[in-house]
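**Student:** can't give you the sequence, but here's the structure:
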């Protein structure tokens with residue numbers, strides 16, 4: 001069979017594998033209810049779609065610069081600097097899908113064999129880190145999902161080069177505080193780390209306003225800010241986002257795009273520009289609807305046995321713990337089999353996610369209510385305790 005390939009060491013995405021399983025069950029006629037996917041249930045606003053169509057009619061169907069179209073980069077820089085105080089000009093922006101930006105950021109900041117630090121639990125950074133030939137090293141969050149600077153410092157190795165942060169966080173919904181970021185950036189400065197801050201959910205903060213990691217920095221720590229159009233504008237299928245990075249990281253990111261994607265399609269970029277200029281009202285509407293669903297779901301969860309949940313401040317997930325003596329993969333598999341309800345096992349987000357599950361509130365309230373009915377039956381049937 002020959003030598004194993006690097007990609008063979010990386011498991012399939014647990015969330016995408018679950019999505020495929022749900023599709024198969026539905027195709028077989030099973031009434032599966034999905035509370036697992038991190039995708040808004042809203043349609044991409046009409047104006048955004050029309051902007052893309054108009055751009056194609058105007059002939060924007062050819063190659064453009066790998067770094068991104070200048071007008072879009074300028075609009076991104078203006079928004080990030082004005083709203084979130086991220087120091088950015090048009091030349092600091094690279095247009096690329098945000099998820100691809102994770103992989104590209106590792107390639108641009110770490111060499112094969114280097115260590116990359118991750119909070120635990122956190123989003124699925126492990127696989128792209130391994131694909132880049134680096135080694136993921138996790139450090140535990142506190143019980144309330146806040147960052148523990150001492151745990152981070154203890155996890156740093158001589159080969160540590162990069163630290164990933166997420167705010168608001170997936171799967172926990174927690175937002176990072178200024179004191180946490182100052183402490184973490186101090187460690188990054190002293191230990192020679194670059195920081196990549198995934199801020200995909202910046203538009204979905206329900207208490208206060210988004211605090212960007214780069215806004216707290218003093219220029220002594222290289223910080224890459226990742227942003228996305230997917231959640232803010234219901235554009236998940238468009239695969240559009242951006243990185244804001246200092247030199248020479250920015251030039252490396254552009255090189256990665258040049259030799260992989262070539263560019264984000266120009267009609268997609270024109271649609272993103274229209275979104276930034278005209279679709280803030282849609283983003284506000286989405287945020288308020290998600291806030292309503294979050295509050296409703298938290299109230300419903302209070303009535304279910306054996307669940308405890310830290311109140312999320314952003315994104316669109318709950319990450320409750322449960323009191324059953326059952327690993328989270330088994331919990332999710334049996335829930336899908338017995339109640340046809342799809343959620344994500346907490347261990348998918350790291351070992352500290354064990355004993356939790358991720359529930360998305362990206363569905364209408366009647367669907368959420370039905371999901372809680374099914375989850376409640378499952379918990380009762382397996383002996384979960386109340387109180």
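**Tutor:** That came through, no problem. Only a predicted model underlies this, so the values are computations on that prediction, with no experimental measurement involved.

**Student:** buried set for the top helix by length along the chain?
**Tutor:** Counting residues, the longest helix found in the chain (DSSP state H) is helix 280-301. Neighbour-count burial for helix 280-301 flags 282, 283, 286, 287, 289, 290, 291, 293, 294, 297, 300, 301 (criterion: 16 or more other C-beta atoms under 10 Å). Where you see a C-beta, it was placed from the backbone N, CA and C, and this is true even at glycine.

**Student:** looking at these, which is nearest residue 145?
**Tutor:** Using C-beta to C-beta, residue 294 comes nearest to residue 145 of those, at 15.5 Å.

**Student:** return the residues in contact with that closest one.
**Tutor:** With contact taken as C-beta atoms under 8 Å, 6 or more residues apart in numbering, residue 294 is in contact with 206, 312, 316, 318, 361.

**Student:** wait, which of these is closest to residue 377?
**Tutor:** residue 318 (18.2 Å).

**Student:** now that closest one: phi and psi?
**Tutor:** phi -110, psi 150 (degrees, to the nearest 10).

**Student:** all helices for the protein, in order.
**Tutor:** In the chain, the segments counted as helices under DSSP H are 14-27, 46-57, 70-84, 98-109, 126-131, 149-155, 178-191, 213-216, 249-258, 266-278, 280-301, 328-339, 365-381.

**Student:** and the ones you listed: which comes nearest residue 119?
**Tutor:** Once these are compared by C-beta to C-beta, helix 149-155 is nearest, at 7.9 Å.

**Student:** for the closest one, packing partners?
**Tutor:** strand 115-120, strand 135-140, helix 178-191 (3 or more C-beta pairs under 8 Å, 6 or more residues apart in numbering; DSSP states H and E).

**Student:** now the longest helix of the chain and helix 365-381, what's the angle there?
**Tutor:** Relative orientation of helix 280-301 versus helix 365-381 (axes from the mean of the first three to the mean of the last three C-alpha atoms, to 10 degrees): 30 degrees.

**Student:** how far does helix 280-301 sit from the chain's center?
**Tutor:** Its chain's average C-alpha position is 18 Å from that of helix 280-301, according to C-alpha atoms, centre = their mean, to the nearest Å.

**Student:** same thing with stretch 107-116?
**Tutor:** 21 Å.

**Student:** on the pLDDT front, check the residue lying closest to residue 365 once chain neighbours are set aside for me.
**Tutor:** Excluding its sequence neighbours, the residue lying closest to residue 365 (C-beta to C-beta, 6 or more residues apart in numbering) is residue 296, at 5.5 Å. Per-residue pLDDT puts residue 296 at 97.

**Student:** hmm, residue 296 is touching residue 367, no?
**Tutor:** No: applying C-beta atoms under 8 Å as the test, residue 296 and residue 367 come out as separate, 11.3 Å apart.

**Student:** for this protein, give me the ranges with low pLDDT.
**Tutor:** Across the chain, the ranges flagged by pLDDT under 70 are 1, 387.

**Student:** try it again at 80.
**Tutor:** Low-confidence segments of the chain, defined by pLDDT under 80, span residues 1-6, 11-19, 386-387.

**Student:** list the contacts of residue 42.
**Tutor:** Residue 42 neighbours (C-beta under 8 Å, 6+ apart): 234, 282, 286, 289.

**Student:** so how far is residue 372 from the last one?
**Tutor:** Counting by C-beta to C-beta, to the nearest Å, the gap from residue 289 to residue 372 is 18 Å.

**Student:** residue contacts, residue 339?
**Tutor:** Contact analysis of residue 339 by C-beta under 8 Å, 6+ apart lists 374, 375, 377, 378.

**Student:** right, I mislabeled it, should have said residue 98
**Tutor:** With contact set as C-beta under 8 Å, 6+ apart, residue 98 has these partners: 198, 200, 226, 227, 228, 230, 241, 242.

**Student:** dump the helices of the chain to CSV, plus distance to residue 142.
**Tutor:** Formatted as CSV, the helices of the chain follow (distance: least, C-beta to C-beta, whole Å):
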stretch, distance to residue 142
helix 14-27, 24
helix 46-57, 39
helix 70-84, 25
helix 98-109, 24
helix 126-131, 21
helix 149-155, 8
helix 178-191, 10
helix 213-216, 18
helix 249-258, 30
helix 266-278, 36
helix 280-301, 20
helix 328-339, 20
helix 365-381, 26
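
**Student:** indicate which one of these is closest to residue 138.
**Tutor:** helix 149-155 (7.3 Å).

**Student:** quick one: buried residues of that closest one?
**Tutor:** 149, 152, 155.

**Student:** which one of the contacts of residue 294 has the most neighbours?
**Tutor:** residue 316 (29 neighbours; other C-beta atoms under 10 Å).

**Student:** what's the burial count for the nearest residue to residue 105 once chain neighbours are set aside?
**Tutor:** Distances taken as C-beta to C-beta, 6+ apart put residue 196 closest to residue 105, at 4.8 Å, once the chain neighbours are dropped. Counted with other C-beta under 10 Å, residues neighbouring residue 196 total 28.

**Student:** any idea how far residue 230 is from residue 196?
**Tutor:** Counting by C-beta to C-beta, the gap from residue 196 to residue 230 is 17 Å.
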